[in-house]
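Participant: Provided below for reference: sequence and predicted model.
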Amino acid sequence: MPSGDSLTQGIEGDRTWRFWLDQHLTAHAVPHDFVGNIRRTASLDMTSDDEGYRPGIAFDTDHDGWGGAELLGSEDAFAFRLWANRPNVWILQLGTNDIRYGNADAQALVAAAQRAISTARKVNPSIRIVLVTVLLMPDPNDQNPVRSAFNDGLVSLAQSLSTAESPVTVARTDLAVDPSVGTHDGVHLNAQGEYDYAAAICVALAELGHVAVMPAYPVPGDLSPVTPAQLRKQKRTPYVSWPHVFSSDNYRLEYRPNRPKEPWRTLTTTIFRTQRVARALRESGGSAQLRVRWRRGDTTLAVSVPVVKRIGDYRLLMVAGSMRGAAQRG
């Protein structure tokens, strides 16, 4: 049972590290059944038939990852889901949100992990446990001393609590994933990060005797969707709207006056798919270029050729956002 926060659940469009782990176990003919009360990623389009994964992805998607989950205060939830699913291997990935938002010190987090192990052994005395370390978070909220102390504490905890009947080991994802290369935004995994994360977990599973260490698989590139933008008028106010783009987690709406050498200006950054553009028209004198660019974390995508549109007295040059996937990672 893979338990954790959004790093385990994944965000819409992710393969997730669980996919890579499933592929590796399958390739080595290791019998396995992922369990948990959840199947979806953290999706922005809950109508997706594919449960928020990339098209063509097929694997055992049962898991116990909850976006925003914290290690502290999760005892009751652990007990409920452990009893409900009865795993014989538990991969516990938590602590990122506790540390990121400064809600706990390392000693409290290690104590919570110890309680989680105790709870798991009440459910299954022979359970095998993989504790997953917290990645470096290159942002102002990162508390490096807490993160480092927590990771070191997990290693010590595993060494002190591991038994022949119920072994405990640690997946050093913090040593395997470079956040500048393996994340969208310094926290959430991109395609390369998913693979590296899964590889670190496989090292831990190999220590438990479950599977060989993961070899170097080729990591596929991204999708290449296009966001067509449309202009409409509602009660004399012009709006731009666009459909949801699968695997986007944000949109940036930008404009510039329709004059030579004008810079692009951000009108708004939003996850909404409709936005009034009257302000952009006023500031530009009634004639402007407008573009909607879909985003993935901090990655802002390419822009296509403008198309002329008219609405009322306004004249806008609409630009549809698009992605050139070969050049992007994640």
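Facilitator: Looks like it arrived, so ask away.

Participant: Just the buried residues of stretch 251-258, please?
Facilitator: For stretch 251-258, a neighbour-count test (16 or more other Cβ atoms under 10 Å) marks 251-258 as buried. Heads up, the C-betas are built off the backbone N, CA and C, glycines and all.

Participant: same question but for stretch 177-187, I mixed them up
Facilitator: Those buried within stretch 177-187 under the rule 16+ other Cβ under 10 Å are 177, 179, 182-187.

Participant: Check those residues and tell me the two furthest apart.
Facilitator: Using Cβ to Cβ, the pair of the buried residues of stretch 177-187 lying farthest apart is 177 and 185, separated by 13.4 Å.

Participant: Return the distance of stretch 105-118 from the chain's centre.
Facilitator: In terms of Cα atoms, centre = their mean, to the nearest Å, the centre of stretch 105-118 is found 24 Å from the chain centre.

Participant: What mean pLDDT does that stretch get?
Facilitator: For stretch 105-118, the mean per-residue pLDDT is 96.

Participant: Equivalent analysis for stretch 155-170, please.
Facilitator: Here the average pLDDT along stretch 155-170 is 97.

Participant: was I right about residue 20 contacting residue 200?
Facilitator: No - checked against Cβ atoms under 8 Å, the pair residue 20 and residue 200 is beyond contact range at 10.7 Å.

Participant: Tell me who's in contact with the closest residue to residue 25 other than its chain neighbours.
Facilitator: Setting aside the residues directly before and after it, residue 25 is nearest to residue 32 in space (Cβ to Cβ, 6 or more residues apart in numbering), at 4.8 Å. Going by Cβ atoms under 8 Å, 6 or more residues apart in numbering, residue 32 touches 22, 25-26, 60.

Participant: Restrict those to the buried ones and give me that as a ChimeraX selection.
Facilitator: Only the buried entries of these go into this ChimeraX selection, using 16+ other Cβ under 10 Å:
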select :22,25,60
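
Participant: any chance of the contacts of residue 32 in CSV, with distance to residue 130 and pLDDT too?
Facilitator: As requested, these are exported to CSV (distance: Cβ to Cβ, whole Å; pLDDT from 0 to 100):
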residue, distance to residue 130, pLDDT
22, 15, 94
25, 13, 90
26, 19, 90
60, 17, 95
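
Participant: JSON lines please, covering the contacts of residue 32 and showing secondary structure and distance to residue 167.
Facilitator: Shown next, in JSON lines, are those (DSSP: H, G, I helix; E, B strand; the rest coil; distance: Cβ to Cβ, whole Å):
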{"residue": "22", "secondary structure": "helix", "distance to residue 167": "22"}
{"residue": "25", "secondary structure": "helix", "distance to residue 167": "18"}
{"residue": "26", "secondary structure": "helix", "distance to residue 167": "23"}
{"residue": "60", "secondary structure": "coil", "distance to residue 167": "23"}
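
Participant: Using JSON lines, lay out the contacts of residue 32 together with distance to residue 103.
Facilitator: Formatted as JSON lines, these follow (distance: Cβ to Cβ, whole Å):
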{"residue": "22", "distance to residue 103": "32"}
{"residue": "25", "distance to residue 103": "34"}
{"residue": "26", "distance to residue 103": "38"}
{"residue": "60", "distance to residue 103": "32"}
